[in-house]
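In: Here is a sequence together with a model predicted from it:
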Amino acid sequence: MSVITDLTRMWLTRSFKPFTFKNEYDKVLPFEDCDKLGLYIHIPFCKNICSFCPYCKVVYNEDLCNRYIDALIEEINIVGQSYKGEGKKTVTSLYFGGGTPALAKERIKEIIDEVEKYFVITEGIGLELHPDNVVPETLKVLKDAGVTKLSIGIQSFSEKFRKILGRSTVDIKSMTLALKEVPFETVSMDLIFALPTQTYEDLKSDIDTAISAGANHVAIYPFIDFTFTSSKVPVMNKKEKRKLLDAITNYCDSKGYERNSIWTFASEREAKYSSMTRENFLGFGCSATTLLRDQFKINTFAPEEYIKRIKERTLPTSLTIRFTKRQRMVYWLFWTAYSTSVDERDFEAFFGEKLNKMYGMELKIGRLLKFVTYKDGVYKMTLKGAFYYHYYENFYTLSYIDKMWGIMRKEAFPEEIKL
Ligand SMILES: C[S@@+](CC[C@H](N)C(=O)[O-])C[C@H]1O[C@@H](n2cnc3c(N)ncnc32)[C@H](O)[C@@H]1O
Ligand code: SF4
């Protein structure tokens, strides 16, 4: 598996150099010249831990959660105060992920207030919810705090698949009423596909239920079996997966939900929920990542170590990679392609180089294989291209993210990781 990702990396970066992450970091993050900067905040607490979930999280404990939020506010303060530009820095969006951020709902406003001391947010604030959090009281607290978008981790409305994943029952009726009573600009629902024996009918029914419960945005993630999770869910084969993905893409389209990223479908142009498709982002909290012009860094996964670093007014960075130019280009293309299209003018504005000059041959092959079409400077992914992107992304996740997170779950500050 890693042979495929290794060869692709060498080809696209035109180098044998691996991606090397080192235990070092900048004391002051160079984000003042970054345009289209997004913010991400990680809150790693859950009531119960799901066996299939790879994210950085621990079982909720009130004392730890409060000490963690105090540290989070301090981290925002350290980074915000280091801004060298004039006034406040403009950012596109702020997303809260986890874990289950609503477990700290009473403190979300305090965090947003701290962010707004240093940043002006232009495209709204998103927050991930567990279905149990979708009750009017919690939604009101979040809305009053300034949250404008929700992402609800449904996984499946069907009892059979929830059982496979070890998830509890979703009360669809009360969830629908709560979302009507306290409306949000974007309501996204996460579904998981490619579960054993799952058919097109099963998924169609999940999508229909999500839409009638009030979702104007649906995220359909392929199930990924991370090596370090304890889940025993078997993986679906490639042919079956492709058939399912093509069928659900066409179904969403027929319902007026257009694909607006590799995994997401939305009924309205403004309905967006993505903390990833950004040129640059600053991440706060355990496991949060930061992507700037020439570097990518990742915070420690260990809450107590995180708090300790912040108490010393030191950034909680665990590892940093300093990109070569080609590495940054590959990174840019990989994440921009999530939106299913790449505009050559954006590439040129970011790198000062023509996309065609840097990756002309690859794009020509992509067009010949009918992975992408080209019109007026924009490369658009086809249905076939989207499937292969999905497929490749799975390899990438298993050989890069799985390896890195597997190490970082055990070691707060590893010396070095080569990918
Ligand atoms: C941080 S999690 C969930 C938010 C919330 N804590 C919940 O459980 O509802 C974000 C999303 O990642 C997706 N996810 C988690 N583990 C996955 C896996 N092994 N494969 C594919 N998607 C996964 C799920 O759809 C989940 O809703
Ligand atoms: S899926 Fe959600 S609730 Fe389950 S462990 Fe992951 S973050 Fe926590």
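Out: Great, that's in hand. Ligands and ions are numbered 1, 2, ... in the order given.
In: And the helix or strand of the chain with the lowest mean pLDDT, what does it pack against?
Out: Across the helices and strands of the chain, mean pLDDT, DSSP states H and E gives its lowest value to helix 2-13, namely a mean of 74. Where contact means 3 or more Cβ pairs under 8 Å, 6 or more residues apart in numbering; DSSP states H and E, helix 2-13 is packed against helix 325-336, helix 383-396. For the C-beta atoms, the positions are set from N, CA and C on the backbone; glycine is no exception.
In: how about the residues of the chain that lie near ligand 2?
Out: Counting by Cβ under 6 Å from any ligand atom, the chain comes close to ligand 2 at 46, 49-50, 53, 55, 57, 98-100, 130, 153.
In: Just the ones of those in helices?
Out: Residues of the residues of the chain next to ligand 2 located in helices (DSSP state H): none.
In: Which member of these is positioned nearest residue 287?
Out: Top of the list for closeness to residue 287, among the residues of the chain next to ligand 2 and by Cβ to Cβ, is residue 55 at 7.4 Å.
In: Do you have the helices of the chain handy? List them.
Out: With DSSP H as the criterion, the chain has helices spanning 2-13, 62-81, 108-118, 136-145, 159-165, 172-181, 200-213, 238-254, 303-311, 325-336, 344-351, 355-368, 383-396, 402-408.
In: Dump those helices to a markdown table, plus mean neighbour count.
Out: What follows is the helices of the chain, written out as a markdown table (neighbours: other Cβ atoms under 10 Å):
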| stretch | mean neighbour count |
| --- | --- |
| helix 2-13 | 14 |
| helix 62-81 | 18 |
| helix 108-118 | 17 |
| helix 136-145 | 16 |
| helix 159-165 | 16 |
| helix 172-181 | 15 |
| helix 200-213 | 18 |
| helix 238-254 | 15 |
| helix 303-311 | 19 |
| helix 325-336 | 18 |
| helix 344-351 | 16 |
| helix 355-368 | 15 |
| helix 383-396 | 17 |
| helix 402-408 | 18 |
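In: Now do stretch 317-327: distance to the chain's middle.
Out: Remark: stretch 317-327 is offset 19 Å from the chain centroid, using Cα atoms, centre = their mean, to the nearest Å.
In: Generate JSON lines for the helices of the chain, with distance to residue 194 as supplementary columns.
Out: As requested, those are exported to JSON lines (distance: least, Cβ to Cβ, whole Å):
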{"stretch": "helix 2-13", "distance to residue 194": "19"}
{"stretch": "helix 62-81", "distance to residue 194": "33"}
{"stretch": "helix 108-118", "distance to residue 194": "33"}
{"stretch": "helix 136-145", "distance to residue 194": "31"}
{"stretch": "helix 159-165", "distance to residue 194": "11"}
{"stretch": "helix 172-181", "distance to residue 194": "23"}
{"stretch": "helix 200-213", "distance to residue 194": "10"}
{"stretch": "helix 238-254", "distance to residue 194": "5"}
{"stretch": "helix 303-311", "distance to residue 194": "32"}
{"stretch": "helix 325-336", "distance to residue 194": "21"}
{"stretch": "helix 344-351", "distance to residue 194": "31"}
{"stretch": "helix 355-368", "distance to residue 194": "24"}
{"stretch": "helix 383-396", "distance to residue 194": "10"}
{"stretch": "helix 402-408", "distance to residue 194": "17"}
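In: so which of the ones you listed gets nearest ligand 1?
Out: Evaluated over the helices of the chain, closeness to ligand 1 peaks at helix 159-165, with 8.7 Å, by Cβ to the nearest ligand atom.
In: residues making contact with the closest one?
Out: For helix 159-165, the external contacting residues (Cβ atoms under 8 Å, 6 or more residues apart in numbering) are 50-52, 155-156, 168-170, 192, 195-196, 198, 202, 231, 233.
In: Equivalent analysis for stretch 241-250, please.
Out: Contacts to stretch 241-250, defined as Cβ under 8 Å, 6+ apart, come from residues 193-194, 198-200, 203-204, 207, 220, 222, 236, 259, 265, 383, 386-387, 390-391.
In: For residue 214, see how far away the closest residue to residue 366 other than its chain neighbours is.
Out: Once flanking residues are discounted, residue 366 sits nearest to residue 372: 4.5 Å by Cβ to Cβ, 6 or more residues apart in numbering. With the distance defined as Cβ to Cβ, to the nearest Å, residue 372 ends up 34 Å from residue 214.
In: neighbour-wise, which of those two wins?
Out: residue 372 (22 against 19; other Cβ atoms under 10 Å).
In: how about that one, what does it touch?
Out: Neighbouring residues of residue 372 by Cβ under 8 Å, 6+ apart: 363, 366, 379-382, 385.
In: so it bridges to which residues?
Out: residue 381 (DSSP bridges).
In: per-residue pLDDT, it?
Out: Residue 372 carries a pLDDT value of 95.
In: That one and residue 244, how far apart?
Out: In terms of Cβ to Cβ, residue 372 sits 22 Å off from residue 244.
In: Show me the contact partners of stretch 380-392.
Out: With contacts defined as Cβ under 8 Å, 6+ apart, stretch 380-392 is touched by 4, 8, 222, 238, 241-242, 245-246, 249, 259, 262, 337, 340-341, 366, 369-374.
In: Farthest out from the centre of the protein, which residue is that? Tell me.
Out: residue 368 (30.6 Å; Cα atoms, centre = their mean).
In: Check that residue and give its pLDDT.
Out: The per-residue pLDDT reported for residue 368 equals 95.
In: One more: residue 1?
Out: In this model, residue 1 is scored at 50, pLDDT.
In: do residue 185 as well
Out: Listed pLDDT for residue 185 reads 94.
In: so it makes contact with residue 148?
Out: Yes: Residue 185 lies in contact with residue 148 (Cβ atoms under 8 Å); the separation is 4.8 Å.
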